[in-house]
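Undergrad: No letters, just coordinates:
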Ligand code: UDP
């Protein structure tokens, strides 16, 4: 029988790649998205890549007036579980508008939990983040490291994880995986779907890609005096298609295991690259110049963070496979074929 999964935020950057992975594994999908940071064209391209149809509900999960409609639609879909990716994700914005971040992210998670409960589908993969770790964590960071996010966005991820832990504790029928992403980058190898940020990109890869394609003059490298090998920040970049496969592996694990309750699992590669190493790799992949200047450190950044990725391999039999070269080549294929993203 076909496995049926709800994917919230399924039209977004990570959601579109997760949707492709799940469809290609033969699952039927109900995507719930409000297109606040995505668009219908992404859904069309997902269907084209996977050669499969998606059921779709356009809805803001945080809108209480839509909760009943959402529950009804989820119930009728008869899912076995859900992947929850819908949410606001800009760190800077979350500092400016914390109440909106808490309202949207927490309410969305609670609405989905209620809908899954009504549908009798108590299986959930949650899109969490390595930002839940405290900023004094030693890398490689394992899942048992102290938690302590340093901004409202990170705290929404942390609070949702905590809520899910309480929910699973109260009702052992729930099977939940909090997936703590490191730095997802890259695009589908077809170049048809990829990251299409609103306005000026906050993240390194979309910024580099827009410099390479000529949309921006130069990259500002935030900090050149960190205690790292070349003075610039080190992160664990993971190809978004590897990350997407991690969600499939997590769902399969939750379906297979009798009693995991809640598991917290890092999705990373286990190795770090500096900003300048990423720039050099992108330059090689794109054959374009990437002008940059060293700028002051950005508030809240740590010098270095990368994953201990052993648990995902032990539990799910999953590990990241794609190299930094593929991350750059695929980002470039997407960016050069779609210089204005989806043209939203
Ligand atoms: N970074 C940078 N210039 C930019 C954006 C990011 O130098 O325009 C650096 C940032 O300081 C960090 C790394 O690139 O060391 C990754 O930043 P990103 O915002 O992509 O992810 P984060 O790890 O902060 O979530």
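TA: Received, thanks. This structure is a prediction, so every number in the text was calculated from the model and none was measured.
Undergrad: who touches whichever residue of the stretch 51-200 of the chain sits closest to the ligand in this structure?
TA: Closest contact between the stretch 51-200 of the chain and the ligand, by CB to the nearest ligand atom, is at residue 183 (5.2 Å). Heads up, the C-betas are built off the backbone N, CA and C, glycines and all. Residues in contact with residue 183 (CB atoms under 8 Å, 6 or more residues apart in numbering) are 130, 203, 204, 235, 236, 237, 238, 268.
Undergrad: quick one: contacts for the last one?
TA: So the one you mean is residue 268. By CB under 8 Å, 6+ apart, the neighbours of residue 268 are 130, 181, 182, 183, 236, 238, 306, 307, 309, 320.
Undergrad: For the residues you listed, could you give me TSV that also reports secondary structure?
TA: Converted to TSV, the contacts of residue 268 look like this (DSSP: H, G, I helix; E, B strand; the rest coil):
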residue	secondary structure
130	helix
181	strand
182	coil
183	strand
236	coil
238	strand
306	coil
307	strand
309	coil
320	coil
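Undergrad: wait, what's in contact with residue 84?
TA: 8, 9, 108, 109, 112, 124, 125, 126, 127.
Undergrad: Neighbours of the fourth one, how many?
TA: This points to residue 109. Residue 109 sits with 26 neighbouring residues when counted by other CB atoms under 10 Å.
Undergrad: In a markdown table: the contacts of residue 183, plus pLDDT and distance to the ligand.
TA: Below are the contacts of residue 183 laid out as a markdown table (pLDDT from 0 to 100; distance: CB to the nearest ligand atom, whole Å):
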| residue | pLDDT | distance to the ligand |
| --- | --- | --- |
| 130 | 97 | 8 |
| 203 | 96 | 3 |
| 204 | 97 | 4 |
| 235 | 98 | 5 |
| 236 | 98 | 9 |
| 237 | 98 | 8 |
| 238 | 98 | 11 |
| 268 | 98 | 11 |
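Undergrad: Out of these, grab the one that's most surrounded.
TA: Neighbour max across those (other CB under 10 Å) = residue 268, 30 neighbours.
Undergrad: what sits against the nearest residue to that one once chain neighbours are set aside?
TA: Among residues not flanking residue 268 along the chain, residue 307 sits closest, at 2.8 Å (CB to CB, 6 or more residues apart in numbering). Listed by CB under 8 Å, 6+ apart, the contact partners of residue 307 are 130, 139, 140, 141, 182, 236, 266, 267, 268, 269, 270.
Undergrad: could you redo the last one with a cut-off of 6 Å?
TA: The neighbours of residue 307, taking CB atoms under 6 Å, 6 or more residues apart in numbering as the test, are 140, 182, 236, 266, 268, 270.
Undergrad: What of residue 45?
TA: 192, 193.
Undergrad: confidence score at whichever residue of the stretch 151-300 of the chain sits closest to the ligand?
TA: Closest residue of the stretch 151-300 of the chain to the ligand, CB to the nearest ligand atom: residue 233 (2.4 Å). With respect to pLDDT, residue 233 scores 97.
Undergrad: residues in contact with it?
TA: In this structure, residue 233 makes contact with 226, 275, 301, judged by CB under 6 Å, 6+ apart.
Undergrad: Can I get those residues in CSV including neighbour count, distance to residue 158 and secondary structure?
TA: Listed next are the contacts of residue 233 as CSV, based on neighbours: other CB atoms under 10 Å; distance: CB to CB, whole Å; DSSP: H, G, I helix; E, B strand; the rest coil:
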residue, neighbour count, distance to residue 158, secondary structure
226, 19, 25, coil
275, 25, 26, helix
301, 15, 18, coil
